[in-house]
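1. build me a model from this:
(one chain, ligands or ions: 1)
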Amino acid sequence: MSDAHLVLEGVKHSYGEGDKAVHVLEDAYLSVKSGEIVAIVAPSGAGKSTLLHIGGLLERPQAGEVTICGTPTMGLGERGRTLMRRDTIGYVYQFHNLLPEFSALENVAMPQLISGYTSNSAQNRAQTLLDMLNVGPRALHRPAELSGGEQQRVAIARAAANHPRVILADEPTGNLDPETSDLVFKALAGLIREEGAAALIATHNHDLARKADRIVTLRRGRVEPITL
Ligand SMILES: Nc1ncnc2c1ncn2[C@@H]1O[C@H](COP(=O)(O)OP(=O)(O)OP(=O)(O)O)[C@@H](O)[C@H]1O
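-> Sure thing, here's the model as predicted:
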């Protein structure tokens, strides 16, 4: 197996049909290695979220292949895709999507509990991740009792709970002030490198994108390298 954990090849995707069809991805190729952080910067509507959804197996492209850790996924059924999402992929959304009625610790422990780990082991992992992201002391607080930056760090911890080999983050700092964005991005990048995951991060923030190993954009539905 190559060390490219996430490989997209000839990916094509459009929404709608006929005159109303929006052709978002035309022939997109992208490969992200273990421990590598790729930032994707492109204008609104260019297709960043679509690309992330496809890479995260949240959406099936109309053509092409998405290979995760050596396994081609287009031939997988829904169950296979669900298991791969659960065990191999971590997804960070712009708005944290944490469960409001659970504490930070419970939110982060949830993926491991669903994967069948014991409650003890899931909670230990959750506390370790919250500590690594400097939100350990807030473990017993519910999302509404946390600041935006803290909520986003909890969401990052949750995405990393199952030791994902691929991490996709869609504007993870989009609603934060510059200082907090920097803190959250550093936390995310540190975790990705420590875990040796392959990461694709969509961001509008050029300063943050420059901290990635590589920056790409979307032009006419294709992934192209850029420098900022
Ligand atoms: N479910 C959908 N049905 C129809 N069109 C859609 C759908 N989802 C996205 N689109 C269209 O596809 C294009 C790409 O959308 P996408 O959300 O991937 O862009 P983006 O680069 O992530 O934008 P932003 O930076 O604003 O989040 C847009 O023109 C959008 O209107």
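
2. any weak-confidence spans in the protein?
-> Applying pLDDT under 70 to the chain flags residues 1-2.

3. show me what from it comes close to the ligand.
-> Residues of the chain lying close to the ligand by Cβ under 6 Å from any ligand atom are Tyr15, Gly16, Val22, Val24, Ala42, Ser44, Gly45, Ala46, Gly47, Lys48, Ser49, Thr50. (C-beta placed from N, C-alpha, C; glycine too.)

4. these, buried ones only, as a ChimeraX selection?
-> Buried subset of those, written as a ChimeraX selection, criterion 16 or more other Cβ atoms under 10 Å:
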select :24,42,46,47,48,49,50
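
5. next step: the residues of the chain next to the ligand restricted to helices.
-> Lys48, Ser49, Thr50 (DSSP state H).

6. just to check, the second one is in contact with Asp170?
-> It stands for Ser49. Yes: Ser49 is within contact range of Asp170, at 5.6 Å (criterion: Cβ atoms under 8 Å).

7. which neighbours do these two have in common?
-> Residues touching both Ser49 and Asp170 comprise Ala202, with contact defined as Cβ atoms under 8 Å, 6 or more residues apart in numbering.

8. what sits closest to Ala104 if chain neighbours are left out?
-> Nearest residue to Ala104, sequence neighbours excluded (Cβ to Cβ, 6 or more residues apart in numbering): Val154, at 4.6 Å.

9. got a list of what that neighbour touches?
-> Residues in contact with Val154 (Cβ under 8 Å, 6+ apart) are His96, Leu98, Ala104, Asn107, Val108, Leu130, Leu133, Val135, Arg138, Pro143, Leu146.
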